[in-house]
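Asker: Any chance you can model this:
(one chain, ligands or ions: 1)
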Amino acid sequence: MSLDWDVRMQTLLLNFVLATFLFLSAIQDGNAGITSSFIRSEWPSVDIPLDNEVFAVSNGHNAPQQVHITQGDYDGKAVIISWVTPDEPGPSKVQYGKSDNKYQFSAEGTVTNYTFYQYKSGYIHHCLIEGLEYNTKYYYRIGSGDSSREFWFVTPPIVGRDVPYKFGIIGDLGQTYNSLSTLDHYMKSGAQTVLFVGDLSYADRYQYNDVGIRWDSWGRFLERSAAYQPWIWSAGNHEIEYMPHMGEVVPFKSYLHRYTTPYLASKSSSPLWYSIRRASAHIIVLSSYSPFVKYTPQYQWLKEELKRVDRDKTPWLIVLMHVPLYSSNEGHYMEGESMRAVFESSFIHYKVDAVFAGHVHAYERSYRFSNTDYNITSGNRYPIPDKAAPVYITVGDGGNQEGLASRFFEPQPEYSAFREASYGHSTLEIMNRTHAIYHWNRNDDGKKVPTDSFVLHNQYWGKNRRRRKLKKNFVSNVVGRLATDL
Ligand SMILES: [Fe+2]
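Answerer: Numbers count the residues shown, from 1 in each chain. Modelled structure (predicted):
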């Protein structure tokens, strides 16, 4: 009897241990993806009328409008300030300084314009201001006389290993009431820089002269944020504007005239792909709609740029592109597959932390999965869990006039951690070299609702890498010293 009791106790204990192990494994793997059942009531997916106050033109003759800034160099000590003057070129000068109304410095910019069908753009100014101090608030003034306008921005902290910084991530924004809601919510997030994943104005949904007019209205719409903090640009399909029926066949014409990037600072040969370093992050911007296969300029540049990434200085490696490499939405399904085949193994090799994309008008986050074993003759047929892989996040949910991509494939694939067809934006708050806090915030009928969040562990510095590295250095130093002594 006593023996039976012992056996029963042992069996119970064993079952308990097994159940606990399975439960903990399930938590650790987190392999039960969530398809949110939330259905939001949304504003109609129509653009805000041009006479709405969000598109208001500044007072005064030839007053600067559509003011926006972006990082101007590799490390954040320069800013490019851009604006449009509607009637005549006017000055391209920016006056700036560290206190309001005291502009002891000035820089001279350039002016350009373009035509699109019969539309003639205003005068588009770009002015690079360099040699700024880190972590400093600068005020700046553009325009002349009574029509001049004043804004400010704050430079980032010096690039470094444990520098906290908060990025926002927005995609596929457009100019509807949903877009306005996204922008309003983002501006309350406290984030310091926007990583924009393509599809800006959706002006290409219009015809003839209205294309240019809607680029102008979008510039005025965005100014409330983009004049005060940098937006890091990447291009989407709506920037291509290949419209032969209107005689417009030069891709990215409006985008490239209006939105500049500091591509030369990262040795890129095109404004469509480049990188910057900001605080503790190295941000790589890729172009889904430029050649990227082996031997192309974009491929060659990325290969070299990945070698230049210094995780001791910038522990966080983030990639932006327009078309997602992993998406289980029916909208734009598999459109990123060719780029995945070319770049995925590099992202794993170089320990990319996160890849942000847009294009699909919904939200989706992946677990760490890869599909690099697959090839056209053998290998794993499906994506497999891979701790070395980045997290893939789609935030094509800014709120443009095309509406939501509301149909996901069922069942939810194993790589998909969370997915929901709602409008919103994300934030990535870097705490130190090992941890960052990520949030996706849904626009819930005018309120910002934190919906999906997780702690992103750094791929390079995670798992006690620093301790191991120090130990390795210590051992090699000791061995080196011993060798010298001998
Ligand atoms: Fe797109």
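
Asker: Am I right that Trp218 sits in a helix?
Answerer: Yes - the assignment for Trp218 (DSSP: H, G, I helix; E, B strand; the rest coil) places it in a helix.

Asker: Now do the contacts for the residue positioned nearest the centre of the chain.
Answerer: Most central in the chain under Cα atoms, centre = their mean is Leu195, positioned 3.2 Å from the mean C-alpha point. Listed by Cβ atoms under 8 Å, 6 or more residues apart in numbering, the contact partners of Leu195 are 167-170, 232, 283, 318, 320, 356. Where C-beta positions appear, they are placed from N, C-alpha and C, glycine not excepted.

Asker: In strands only, show me the residues you listed.
Answerer: 167-170, 232, 283, 318, 320, 356 (DSSP state E).

Asker: helix, strand or coil for the residue nearest to the centre of the chain?
Answerer: Using three-state DSSP, the structure places Leu195 in strand.

Asker: Any figure for the gap between it and Gly331?
Answerer: To Gly331, Leu195 is 22 Å away according to Cβ to Cβ, to the nearest Å.

Asker: before we move on, what about Ser426?
Answerer: Computed as Cβ to Cβ, the Ser426 to Gly331 distance reads 19 Å.

Asker: Same check on Pro385?
Answerer: Per Cβ to Cβ, Pro385 is found 26 Å from Gly331.

Asker: ditto for Pro297
Answerer: 30 Å.

Asker: same deal with Arg433?
Answerer: For Arg433, the distance to Gly331 - Cβ to Cβ - is 36 Å.

Asker: So for those two, which sits in the more crowded spot?
Answerer: Between Arg433 and Gly331, Arg433 has the larger neighbour count (other Cβ atoms under 10 Å), namely 22 against 18.

Asker: and that one, what pLDDT?
Answerer: Per-residue pLDDT puts Arg433 at 97.

Asker: count of residues packed around the closest residue to it other than its chain neighbours?
Answerer: Computed as Cβ to Cβ, 6 or more residues apart in numbering, the closest residue to Arg433 that is not its neighbour in sequence is Pro315, at 4.0 Å. As a burial measure, Pro315 scores 27 neighbours (other Cβ under 10 Å).

Asker: What average pLDDT does stretch 199-208 get?
Answerer: For stretch 199-208, mean pLDDT is 98.

Asker: Report whether it contacts the ion.
Answerer: Yes - interface with the ion: stretch 199-208 contributes Asp199 (Cβ under 5 Å from the ion).

Asker: Now do the contacts for the nearest residue to Leu404 once chain neighbours are set aside.
Answerer: Distance criterion Cβ to Cβ, 6+ apart; nearest residue to Leu404, sequence neighbours excluded, is Ala421 at 4.7 Å. Counting by Cβ under 8 Å, 6+ apart, Ala421 touches 329, 361-363, 397, 404-408.

Asker: mind redoing it with 10 Å?
Answerer: Residues near Ala421 by Cβ atoms under 10 Å, 6 or more residues apart in numbering: 35-36, 38-40, 42, 329, 331, 360-364, 397, 403-408.

Asker: Relative to the ion, how far out is it?
Answerer: Look at Ala421 and the ion: by Cβ to the ion, to the nearest Å, they are 15 Å apart.

Asker: Would you check the distance separating stretch 171-191 from the middle of the chain?
Answerer: Taking Cα atoms, centre = their mean, to the nearest Å, one finds stretch 171-191 lying 14 Å from the centre of the chain it belongs to.

Asker: just checking, what packs against the strand or helix carrying Val111?
Answerer: Using DSSP states H and E, the element containing Val111 is strand 110-112. On a contact count with 3 or more Cβ pairs under 10 Å, 6 or more residues apart in numbering; DSSP states H and E, strand 110-112 meets strand 123-129, helix 253-258.

Asker: next SSE after it?
Answerer: Next element after strand 110-112 (DSSP H and E): strand 115-116.

Asker: Following element in sequence after that following strand, please.
Answerer: strand 119-120.

Asker: so what strands line up beside that next one?
Answerer: strand 115-116 (antiparallel) (DSSP bridges).

Asker: what mean pLDDT does the strand it pairs with have?
Answerer: Confidence for strand 115-116, expressed as mean pLDDT, is 98.

Asker: likewise stretch 352-365?
Answerer: Stretch 352-365 shows a mean pLDDT of 97.

Asker: Straight-line length of that stretch, end to end?
Answerer: Terminal residues of stretch 352-365 are spaced 15 Å apart (Cα to Cα, to the nearest Å).

Asker: next one: stretch 277-288
Answerer: Across stretch 277-288, the terminal residues are separated by 21 Å (Cα to Cα).

Asker: same question, stretch 326-337
Answerer: Stretch 326-337: ends 8 Å apart by Cα to Cα.
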